[in-house]
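Q: give the three-dimensional model of this entry:
(one chain, ligands or ions: 1)
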Amino acid sequence: MKILVTGGAGYIGSHTVVELLNAGHEVVVLDNFSNSNESVLNSMEQITQKSFSFIRGDVQDKDLLKKIFEQEQIEAVIHFAGFKAVGESVLNPLKYYENNLFSTICLLEVMNLFHVKKLVFSSSATVYGNPSKLPIFEDSSLSTTNPYGTTKLMIEQILRDMVVADATWSIVLLRYFNPIGAHESGLIGENPNGIPNNLMPYIVKVANQELPQLQVFGNDYDTKDGTGVRDYIHVVDLALGHVAAIDYVKRYQGVEAINLGTGHGYSVLDLVHSFESVNHISIPYQIVPRRPGDIASCYADVTKAQKLLNWKAQKDINMMCKDAYHYLEVQKKQNH
Ligand code: WQD
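A: Presented below is the predicted three-dimensional model:
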């Protein structure tokens, strides 16, 4: 199929484009490089030895979207483009509501115009808020604690209403848990512009001696070692989940929310110790107060993905840590 990937130069987007190309799909990438850069495009071609179309632009540009749909026979869309920093969204909610909601509405209007009604949406486990019980099922209660998460929940609702209005839409809402790691080549990986938000980029900065130590946000949670527990998933496994979701929307109509996680929870210190042992490196850390808004534990029930998508995460926490560090080493060599 020919697939439009919005935000396809981003961390998860680029890994997904690689796996789509590997699976034989044609890909059109639309990205404005707000949280990515041009070098990723060459890396994706280098990894796959395949070419794809790239348009630099914004999903809010309806005329540009119309031009893409006029020129390319798009059959389905994977929509990654959007702002995703939780902390920033609290400080600047309007930026998040305007960008994430308006870009999605523009995309849906143009898809409708061109009768393209197959969509995989990049949602997030953040829509579950603070879970009352674990593991988290797709029909667990939904609540959000920050504007970023609320944009994801609102977009999920918009998409459900689209299907009520027109049952010929095929939509999968992929709820990611905590994606980390990098492609085994080390050519693409997590390289957030500016100050990172998430745990693994901070661990990598400590490994790279850009930071003296990791700040562990609290060790007084009700977890095995007091630090936060999350369902970390290798970004390549996550990418393969998108390939499976494209196959699904090709065959079925309606809307389905599906968790993409491993079903296992690991604490902050589990991740630090795994990173240290597989990479033979020390990651000094200091326990500091909790980060406001953090939850204690979060991990997925993954039976629905297995059942509907015939997909299951394959890579373990050690592989995630190994690939994250290998990416850093390859990038350092390339930049020398
Ligand atoms: C993980 C754990 C922190 C940094 C966020 C978004 C979510 C999704 C994934 C987009 C927590 C601890 C972190 C640090 C630390 N993103 N930590 N020191 O908060 O689970 O989820 O990213 O969809 O929407 O909410 O991920 O990596 O920030 O934190 O101790 O320097 O690591 O307290 O327990 P989080 P995270």
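Q: could you check the pLDDT of whatever residue of the stretch 151-300 of the chain ends up closest to the ligand?
A: Going by C-beta to the nearest ligand atom, the ligand is nearest to residue 228 of the stretch 151-300 of the chain, at 2.1 Å. In this view, the C-beta of every residue, glycine as well, is placed from N, C-alpha and C. Residue 228 carries a pLDDT value of 98.
Q: same question, residue 308
A: 98.
Q: cool, and the one 10 residues further on?
A: According to the prediction, residue 318 has pLDDT 98.
Q: quick check: closest non-adjacent residue to it.
A: Computed as C-beta to C-beta, 6 or more residues apart in numbering, the closest residue to residue 318 that is not its neighbour in sequence is residue 278, at 4.8 Å.
Q: roughly how far apart are residue 66 and the ligand?
A: 29 Å (C-beta to the nearest ligand atom, to the nearest Å).
Q: what is the helix or strand hosting that residue packed up against?
A: Assigned by DSSP states H and E, residue 66 falls within helix 62-71. Counting contacts by 3 or more C-beta pairs under 8 Å, 6 or more residues apart in numbering; DSSP states H and E, helix 62-71 packs against strand 26-31, helix 102-113.
Q: output the set of residues of the stretch 101-250 of the chain in proximity to the ligand.
A: Applying C-beta under 6 Å from any ligand atom, one finds that the stretch 101-250 of the chain approaches the ligand through 124, 126, 176, 178, 197-199, 202, 215-217, 228, 230.
Q: please redo it, this time with the cut-off set to 5 Å
A: 124, 126, 198-199, 202, 216-217, 228, 230 (C-beta under 5 Å from any ligand atom).
Q: what angle separates the helix holding residue 66 from helix 102-113?
A: 40 degrees (axes from the mean of the first three to the mean of the last three C-alpha atoms, to 10 degrees).
Q: what residues does helix 62-71 touch?
A: Helix 62-71 is contacted from outside by 4, 28, 30, 55, 57-59, 74, 106-107, 109-111, 113-114, 116, using C-beta atoms under 8 Å, 6 or more residues apart in numbering.
Q: try it again at 10 Å.
A: 4, 6, 28, 30, 53, 55-59, 61, 74, 77, 103, 105-107, 109-111, 113-116 (C-beta atoms under 10 Å, 6 or more residues apart in numbering).
Q: average pLDDT for it?
A: 98.
Q: what does the residue of the stretch 151-300 of the chain closest to the ligand show for phi and psi?
A: phi -60, psi 140 (degrees, to the nearest 10).
Q: which intervals of the stretch 151-300 of the chain have sub-threshold pLDDT?
A: 192-194 (pLDDT under 70).
Q: one step back: how many other residues sit next to the residue nearest to residue 318?
A: Residues near residue 278, counting by other C-beta atoms under 10 Å, number 18.
Q: who are the packing partners of the host helix or strand of it?
A: Using DSSP H and E, residue 278 maps to helix 268-279. Secondary-structure packing of helix 268-279 (3 or more C-beta pairs under 10 Å, 6 or more residues apart in numbering; DSSP states H and E): strand 178-180, helix 199-207, strand 214-217, strand 229-230, strand 232-234, strand 266-267, strand 285-288, helix 317-335.
Q: now, of these, which is deepest in the fold?
A: Most buried of the helices and strands packed on helix 268-279 by mean neighbour count (mean count of other C-beta atoms under 10 Å) is strand 232-234; its value is a mean of 27.
Q: so where do the helices sit in the stretch 51-200 of the chain?
A: With DSSP state H, counting those that start in this stretch as the criterion, the stretch 51-200 of the chain has helices at 62-71, 86-91, 93-96, 102-113, 147-165, 199-207.
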